[in-house]
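Peer 1: what would the 3D arrangement of this be:
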Amino acid sequence: MKLATLLAQTKQHDEARLKFGAAAEIYAKQEFDDKALAVLRQAVSFLPKRVELWERIAQLDVKRERIPEAIKRPARGQQAVPPQEGAPVGGRDSCAWR
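Peer 2: Residues are numbered from 1 along each chain as shown. Below is the predicted model of the structure:
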C-alpha cells in the first residue's frame, strides 16, 4: 500500500494502479471489504480517471448493500473524466458508468 502511494506520488500511475488493485483484491478475498474500499478510495484520490477503480468501489458497495453509495461513487468518477465527443450529456440516454 505504501509502495502504491509512493508510485502514485511520483507519477508512475500504471504501476501504482496495479499495486493498489492487488492490495484491494487481497483484502476483498479475505472478506476485509472495508479495507479493500479504503485502498480503492486512496487509489481514486490519485487516479480519478481510472474507471475500473470506481467500478470496483461500486461492486464492493453493492456487496455490502450500500446501494446509494454504489450509485453516487461512479457519478463522482464521471465528473473526473472529460466527456467524449458525441457522447450523450445527461438525459435518458446517459449512463453513470461512462
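Peer 1: show me the contacts for residue 14.
Peer 2: By Cβ atoms under 8 Å, 6 or more residues apart in numbering, no residues touch residue 14. Quick note: C-beta positions are derived from backbone N, CA and C, even for glycine.
Peer 1: measure it to residue 50 for me?
Peer 2: 10 Å (Cβ to Cβ, to the nearest Å).
Peer 1: same question, residue 38
Peer 2: Distance from residue 38 to residue 50, by Cβ to Cβ: 16 Å.
Peer 1: now do residue 3
Peer 2: According to Cβ to Cβ, residue 3 stands 17 Å off from residue 50.
Peer 1: quick one, which of these two is more surrounded?
Peer 2: Using other Cβ atoms under 10 Å as the criterion, residue 3 and residue 50 rank with residue 50 on top: 22 against 12.
Peer 1: so the more buried one sits against residue 43, correct?
Peer 2: Yes. With contact defined as Cβ atoms under 8 Å, residue 50 counts as touching residue 43 (7.4 Å).
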